[in-house]
Every structure is written in structure tokens, then in C-alpha cells.
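Can you look at this prediction? I've put the sequence above it.
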Amino acid sequence: MTGQDVVPRLFGTNGVRGVVNTEAMDCRFAMRLGMAIGTFMNGAVIIGSDARTSSEMLKSACAAGMMATGCDVHDCGIVPTPTVQYAVKTDGDVSGGVVITASHNPPEFNGVKCIDRDGTEMARTNEERVEEGFRKQAFRIQPWDRVGHSVSRIDAIADYVEAILALIDRKTIQASDLRVALDCSNGAGANVTPGLLERLGVKCVTLNADLNGAFPGHNSEPTPDNARDLVELVKEGDFDLGIIHDGDADRTIFVDDKGSYMYGDRSLAVAAHYACLDNGGGLVVTTVGSSRCVEDAVAAAGGKVMYTRVGSPVVARAMMEHNAIFGGEENGGLIFPELQYCRDGAMAAARIIEIVAKHGAMSEIQSKIPAYFQFKTKTECSNDMKDIVMRELVANAHGERMDLTDGVKIYFEDGWVLVRPSGTEPIVRIFSEASSSDRATAIAQRFRDQVTQIARG
Ligand code: MG
């Protein structure tokens, strides 16, 4: 996106986000957005939230707006985002879903995410219709005798857990006597994953498994820094696996039995490898930002990789369209089409535990997947220079293999660079990968200099 866009977007890559009780995310905003969503969805809506301090307030306001337009609201309470998505997908009588969550953002943030009738994150074309209604305040407000009602949907978690269990080989897991350390990050995963792991028959020790919107344990993004306590616990406690969710438990990051933090593309590669082995090949979908290790692991199991633009809804829809067997993002968002077409943190935990039970220690599994080094940097670039920068890069890179799926990705013999203009800020991001750390840094710096030079005219 460039500065030519006159109307600012409401929805970003993962819904609407803002700091609570500022104009961008207060109860008036949530109610007005609820009226726009209700007008668009025009039927029953399933709603749920993460464990943030403001989630109840914003959920009530959003639900009130939807009910004003005649929608019945089915409230799941505090649940992971994929629990709402599963409820929407399996309920033939609802028009969609809403999740009040800011995922991994700091505690002062919250957000609203919309779910389409099929359980996937709302398609951009539908978001545009909600945005238009919001802007024009074109709400289908109903008379007193047609306003919607709110009912509590107490079975959402049980239904979701049963659906995961039905897809997992519990006998093998139970026979393996696995010990798992689980960090729920004080988020919504605490209402699902500890119970799921117990049903799977693993011995589980939990960290930060109480719901607390102040995130006293650590911030809710599963970065290496925030996973420090989990890594220590795994190292000291002789665990087979460490598991950590983000705040709304659509993403999961793993720690292997040696206490090594696994970056998201490592677990993506592991899950993709075994999905391909189990299926005798098949298509795996991921974004252009994923490590080469995913392609290596998939190729070793007879599968193929398809790359998409960045953003999990894009991956999910490409998976549907091309009948992929597995997909995901490099940030720990894994998508299992046998359950549903969205990132699913609890399903990821169950599947990776199953892989360890069947195939042995995660450190051993990991050691067979090549390791690459990555480097991320950025440089300033005004919005009106972004197109020029990208065109120049393409022209200068003539002769090398290129992928223009999202930004410019240029492949070299021993690595690649991905140059993407930010959709929201006057910056261009540069992301590189190579088989050595020095080489990855050198590639990124070379392109950063090049972009800076072009951007200055
Ligand atoms: Mg999330």
C-alpha cells in the first residue's frame, strides 16, 4: 500500500488493533464496529475473547452493537481464537464470528477480529464491506421487538478439544510416557491446552496457566526472551518438549528436549515433513518470509512448497484453493486442514507431541533439518518512493531468480533477500537468509544501502 490510498484501512493483517480507551479502541468504537459487523453478517454470530483486562468491556460493547442490528450473539467466553473459528465452521446456523483479541501485543492493546462463515479469518473483500458500513454509519438498526439476544455457548471448548483428540494417535502418545512443560503466557490457551494435554496422556507441568490480562509472567509474544523461563524449566526438569502459546493461542512455539528454542520455521518444517511422509507427498503452503529449511524438509519427504504473500488468511485460502495438506507461517502459526483452515495453537501442540511420540526426541528430529541464518533490518522510505524503489530493485536484479509474490524476493546460490515496503509506516523492510550468519548480514546490508540510496532519489 502507498500514500495514494485515500481511505485508511480499519482492518490490518490480523483484525483491528488499538490501545484501549483511546479513540482507536474504546467501547464506543467497539459498539459502532459491532453495528457494522452485525449489519454485514445479518444472522447469529459466535463471539469469544482472550484474557485481556479490557476484553469483557469491548466484547459487551461489540455484542451490544451486533444485537442492535438484530443478530443473536453466542458467547464462548474466554477461549483461543481457533476455538471460535472451529465453533463457527461446525455450526451451520451462524453467519460468522468475532474474536476480541490483540493476540501477542502488549497488555494495553486490544482488537477485534472477524471470522467468515467457513471459520477462516475474514476475507479482505468482506472486511472492506464492514469498513464501508462503519464509515458511512449505514447500520441496519432494528425496532424493539427484533433486537438480538445473547446466549452462552458453554460447549465450545469441549467440542474443540474432542475434534483435536479425534485426529491424534493417543495410544502411541500414552505409551511414550512423555513429559511436557507448557507456558500459557497467562492467555486464553490456559482454558484449553492443559486439559487437552492431560487427555492426551502426557505428564504436563504448566507455567503462567492462570488467566491474567496484565501478563505478569511475560509479554504474550512467544519470543526467545519471553520463553526464557520455559527454556530453563525444560533444561532443568528433563522434559521431552516445551510448548508456549501467544496470548490468543493461535500460535505455538516449541523448545526441544535439549532446551533449544525452536524458531517458528523449524516447527513448521518438522510438521510439514511428517505431513508429507504420512500423505506420500503433497503440497505445503507458506509465505515468502519462511526459511529455506521448510522447503528442504518438505522435499526430503517427497512434497512441494507453494509460497504466498505474508499473512495467515492468505496462506489459509491458498491451502483451500490448492488442496494443500499443511501450511503455516514462520512465526509459529501452523494450519492443519484436517481440523480447520486457520492457525491453531492447541492442534499444533497435539500434533508435535504426536510426532515426538512416534519418531523420537525433538533434538534428533531437528538435527536432520538444515539450519540457515537470518538477518532483518529496515530503512526509511517515504510512501511515494516505495513503488520507485521496488521497480529499481527489480530492474537492477536482472538475471537472478526472482519472486514478486510479495515485495521483491531475490534468490542467490547460498541464500535470498526479501525486500518489502511496510503497509503502514514510511519504511522498507529487508530480510535475508543464508547458510552463514555473516553472509546473511552482508546480503541484508547491501540491499539496505541500495534501498536507502534509491529512496533518497
Ligand atoms: Mg495470535
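Arrived safely, thanks for sending. Numbers count the residues shown, from 1 in each chain.

wait, Val389 sits on Val428?
Yes: here Val389 reaches Val428: they are 6.2 Å apart, a contact under Cβ atoms under 8 Å. All C-beta spots, glycine's among them, are computed from the backbone N, C-alpha and C.

The two: who's more crowded?
Set Val389 next to Val428 and count neighbours by other Cβ atoms under 10 Å: Val428 wins out with 26 against 22.

Pretty sure that one sits in a strand.
Yes: under DSSP: H, G, I helix; E, B strand; the rest coil, Val428 sits within a strand.

list residues touching both of Val389 and Val428?
Cys381, Val419, Pro421, Val451, Ala455 (Cβ atoms under 8 Å, 6 or more residues apart in numbering).

tell me the SS of Val417?
Per three-state DSSP, the local secondary structure of Val417 is strand.

quick one: it from Thr441, how far?
Per Cβ to Cβ, to the nearest Å, Val417 is found 11 Å from Thr441.

what do you get for Ser176?
Ser176 is 41 Å from Thr441, by Cβ to Cβ.

Mutual contacts of Val417 and Thr441, please.
Applying Cβ under 8 Å, 6+ apart, one finds that Val417 and Thr441 are jointly contacted by Ser432.

who has more neighbours, those two?
Between Val417 and Thr441, counting by other Cβ under 10 Å, Val417 is the more crowded of the two (25 against 16).

Can you tell me the closest non-neighbouring residue to that one?
Nearest residue to Val417, sequence neighbours excluded (Cβ to Cβ, 6 or more residues apart in numbering): Ser432, at 4.5 Å.

neighbours around the one you found, how many?
Residues within reach of Ser432, counting by other Cβ under 10 Å, total 27.

Could you confirm it falls within a strand?
Yes: assigned with three-state DSSP, Ser432 falls within a strand.

From what I see, it and Trp416 are in contact.
Yes: at 6.9 Å, Ser432 counts as touching Trp416 under the criterion of Cβ under 8 Å.

Restricting to C-alpha, output stretch 173-184 in CSV.
What follows is stretch 173-184, C-alpha atoms only, in CSV (Å, rounded to 0.1, in the frame of the first residue of the first chain):
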residue,chain,number,x,y,z
ILE,A,173,1.4,-40.9,23.0
GLN,A,174,0.2,-42.6,26.1
ALA,A,175,2.7,-45.5,25.6
SER,A,176,5.6,-43.0,25.2
ASP,A,177,5.4,-41.6,28.8
LEU,A,178,6.3,-38.0,27.6
ARG,A,179,6.9,-35.1,29.9
VAL,A,180,5.9,-31.7,28.6
ALA,A,181,6.4,-28.2,30.0
LEU,A,182,3.6,-25.8,28.9
ASP,A,183,3.7,-22.0,29.2
CYS,A,184,0.3,-20.5,28.5
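
How about that stretch and the ion, any contact?
No: if you take Cβ under 5 Å from the ion as the test, stretch 173-184 misses the ion, and the best it gets is 12.9 Å.

And Pro421, how close does it get to Thr308?
Going from Pro421 to Thr308 by Cβ to Cβ gives 17 Å.

Please apply the same query to Gly213.
To Thr308, Gly213 is 33 Å away according to Cβ to Cβ.

mind listing what the host helix or strand of Phe254 pairs with, with the direction of each?
In this structure, Phe254 sits in strand 252-255 according to DSSP states H and E. Taking DSSP bridges as the criterion, strand 252-255 forms sheet pairs with strand 241-245 (antiparallel), strand 261-262 (antiparallel).

And the residue of the protein closest to the ion?
Ser103 (3.2 Å; Cβ to the ion).

Spit out the contact partners of the closest residue to that residue other than its chain neighbours.
In space, and not counting its chain neighbours, Ser103 is closest to Asp248: 5.1 Å by Cβ to Cβ, 6+ apart. Residues near Asp248 by Cβ under 8 Å, 6+ apart: Asp50, Pro80, Thr81, Val99, Thr101, Ser103, Gly187, Ala188, Gly189.

Any idea which of those the model trusts least?
Note: of the contacts of Asp248, the lowest pLDDT belongs to Ser103, at 93.

before we move on, back to that, which pLDDT value belongs to the residue nearest to Val417?
For Ser432, the model assigns a pLDDT of 96.

can you pull up the bridge partners for it?
Applying DSSP bridges, one finds that Ser432 bridges with Phe375, Val417.
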